[in-house]
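In: below: sequence and its predicted model.
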Amino acid sequence: MKTIIEPFKIKSVEPIRFTTLEEREAILELAFNNLFLVPAEGVLIDLLTDSGTSAMSADQWAGMMRGDESYAGARSFYRFEAKVRELTGFRYIIPTHQGRAAEKILFSITGGKGKFVPNNSHFDTTRANVEFTGAEAIDLPCTEGRDPDLIADFKGNMDLEGLARFIRNTGRSNIPLCMMTVTNNSGGGQPVSMANIKATKELCARNGIPLFLDACRFAENAYFIKLREPGYEDRTVESIAQEMFAHADGATMSAKKDALVNMGGFLAMNDESLATRARNILIVTEGFPTYGGLAGRDLEAIAQGLDEIVDEHYLQYRIRSVEYLGERLTREGVPILQPPGGHAIYLNARKFLPQIPVDQYPGQALSLELFRAGGIRSAEIGSVMFGKYDRDGKLIPARMELVRLAIPRRVYTQSHIDYVIEAVLDVYKRRSELRGVRIIEEPPILRHFTAKFAKVE
Ligand SMILES: *Cc1c(COP(=O)(O)O)cnc(C)c1O
């Protein structure tokens with residue numbers, strides 16, 4: 001059969017609340033035009049993030065009941081540890097309450113003033129955790145990854161020449177580690193090839209720099225390798241993932257992505273002395289090493305989720321449903337970041353709304369209108385999230401102005417996606433009427449979460 005279907009039956013359902021246009025306008029006003037400040041009850045289709053929003057399986061829920069809540073040495077920890085070790089091959093497995101906790105621990109040990117951390121593209125929390133220590137976070141995406149319209153297989157790749165130059169100019173002793181984000185979230189959910197992971201590792205190894213994977217979407221990345229990289233078509237996704245990890249010295253992971261759970265993460269590595277220092281911090285900030293920031297039942301759900309995520313029927317449905325959304329929008333002329341990524345479609349707001357200057361945040365304006373028109377919550381990935389100010393207070397804009405439609409795992413069906421397509425096309429028809437926004441209040445770090453906006457009249 002050609003039709004790709006959701007590879008699950010639905011056993012438990014959650015109603016969604018419909019709102020009127022007037023209600024949504026009132027909701028936006030109360031939330032100061034920041035979708036992070038909108039109560040989820042007022043959202044019809046929530047594409048804010050794919051993080052922690054997965055639907056768990058019957059087996060994961062059963063695992064929750066089996067969870068061993070012993071303080072030390074819980075059975076659930078050993079199941080979790082064995083599963084993560086089987087998948088990643090790393091010797092030391094440290095559970096944390098989510099991905100950023102793993103980052104916080106890793107960079108508080110390795111970061112600090114005068115240090116530099118290169119990455120194909122830092123995710124926002126990764127960048128914040130590097131910078132919080134006084135170190136600098138450097139993005140080195142490959143050339144193809146900088147062109148939003150170019151269709152290429154592995155736009156998430158690291159710029160290898162750039163990395164070599166960066167190491168030469170910065171000095172290896174100032175680079176405590178190199179990160180590689182798979183898939184490249186800030187770069188559009190684009191995959192990284194095995195060849196690029198391998199070459200990055202070789203370059204790092206020659207300079208004595210450890211390579212860490214930011215492995216949040218390792219299974220989606222592995223599936224893209226299977227589809228697109230010669231030599232991998234007959235391999236299982238699990239064995240491809242194992243090979244990806246084998247090229248690294250450690251990993252941070254948000255289990256809220258490719259472990260199909262609502263909370264959790266881990267830090268893993270081969271270096272014993274680094275692991276010892278990490279565990280010392282873990283005990284102060286997260287918890288005892290056999291539970292980290294998690295309950296035993298969470299560890300069970302992660303172990304089970306890591307089994308389910310590499311299922312190829314699941315990954316085929318997952319990658320295809322995102323691609324379907326991208327195809328339908330592209331066919332109608334809507335500018336999106338090409339090609340569709342693994343977990344999200346990114347609308348190119350700069351092209352969608354060319355009349356709005358970057359300092360009036362076209363991405364924010366577009367995401368607000370999608371909510372107003374269709375009750376769809378998306379995320380601005382542009383100058384609200386990544387913009388900075390120069391000394392005169394003038395905006396240094398982000399490289400791209402994107403609006404991310406992130407698809408939660410196993411939550412929405414094809415008709416939900418068809419509704420999203422209709423809503424985006426409706427806004428696209430009226431795009432010339434849209435106006436920008438200005439910031440009326442903002443915090444100094446990770447401002448997109450809490451900043452307040454007003455519409456420009
Ligand atoms: C989500 C994410 C993180 C942070 O994980 P949290 O669980 O949200 O703290 C880090 N890196 C990438 C690439 C992510 O997508």
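Out: That came in fine, so what should we check first? Numbering: from 1, shown residues only.

In: residue of the chain nearest the ligand, please.
Out: Nearest residue of the chain to the ligand (CB to the nearest ligand atom) works out as G99 at 2.4 Å. C-betas here are computed from N, CA, C, even on glycine.

In: which residues does that residue contact?
Out: When contacts are counted by CB atoms under 8 Å, 6 or more residues apart in numbering, G99 touches 125, 214, 216, 252-257, 265.

In: make a markdown table from the residues you listed and add distance to the ligand, pLDDT and neighbour count to it.
Out: Conversion of the contacts of G99 to a markdown table gives the following (distance: CB to the nearest ligand atom, whole Å; pLDDT from 0 to 100; neighbours: other CB atoms under 10 Å):
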| residue | distance to the ligand | pLDDT | neighbour count |
| --- | --- | --- | --- |
| T125 | 4 | 91 | 18 |
| D214 | 5 | 98 | 27 |
| C216 | 4 | 97 | 28 |
| T252 | 7 | 98 | 31 |
| M253 | 8 | 98 | 28 |
| S254 | 3 | 98 | 28 |
| A255 | 7 | 98 | 34 |
| K256 | 5 | 98 | 24 |
| K257 | 6 | 98 | 30 |
| G265 | 5 | 98 | 30 |
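
In: ok, which pair from the residues you listed is furthest apart?
Out: Greatest spacing in the contacts of G99, by CB to CB: T125 and A255 (14.3 Å).

In: going by distance to R377, which of the contacts of G99 wins?
Out: When those are compared for distance to R377, the smallest value, 17.0 Å, is given by K256; criterion: CB to CB.

In: sorry, back to before: can you flag which of the contacts of G99 belong to strands?
Out: Secondary-structure check on the contacts of G99 using DSSP state E: residues within strands are 214, 252-254, 265.

In: and F449, what pLDDT?
Out: pLDDT for F449: 88.

In: how about the residue of the chain closest to the ligand: what's its closest non-neighbour residue?
Out: Using CB to CB, 6 or more residues apart in numbering and skipping the chain neighbours, the partner closest in space to G99 is S254 (2.8 Å).

In: who's in contact with the one you found?
Out: Counting by CB under 8 Å, 6+ apart, S254 makes contact with 51, 98-100, 102, 216, 264-265.

In: for F218, see how far away it is.
Out: S254 sits 11 Å away from F218 when distances are taken as CB to CB, to the nearest Å.

In: tell me which parts of the stretch 251-400 of the chain are close to the ligand?
Out: Applying CB under 6 Å from any ligand atom, we find that the stretch 251-400 of the chain lies next to the ligand at 254, 256-257, 265.

In: how long is stretch 185-192 end to end?
Out: Between the start and the finish of stretch 185-192 there is a gap of 11 Å, counting by CA to CA, to the nearest Å.

In: what's that stretch in contact with?
Out: Here stretch 185-192 has contacts from 120-124, 139, 141, 145, 148, 153-158, 180-184, 216-217, 220-221, 224-225, 228, 322, 337, 339-344, 346, 381, 386, 402, using CB under 8 Å, 6+ apart.

In: if you set the cut-off to 6 Å instead, what comes out?
Out: Here stretch 185-192 makes contact (CB atoms under 6 Å, 6 or more residues apart in numbering) with 121, 123, 141, 145, 154-157, 182-184, 221, 224, 337, 341-344, 346.

In: any part of it near the ligand?
Out: Yes. Looking at stretch 185-192 against the ligand by CB under 6 Å from any ligand atom, the contacts come from N185.

In: hmm, back to that, cross the contacts of stretch 185-192 against strands and list the overlap.
Out: By the criterion of DSSP E, membership of the contacts of stretch 185-192 in strands covers 344, 346.

In: ok, of the contacts of stretch 185-192, which come out buried?
Out: Neighbour counting by 16 or more other CB atoms under 10 Å classes 121, 123, 141, 145, 154-157, 182-184, 221, 224, 337, 341-344, 346 among those as buried.

In: which one of the contacts of G99 sits closest to R17?
Out: Of all the contacts of G99, the one sitting nearest R17 is K256; the distance, using CB to CB, is 23.8 Å.

In: with adjacent residues omitted, what lies nearest to that closest one?
Out: With CB to CB, 6+ apart, the residue lying closest to K256 is G52, at 3.8 Å.

In: burial measure for the one you found, as a count.
Out: Applying other CB atoms under 10 Å, we find 15 residues neighbouring G52.
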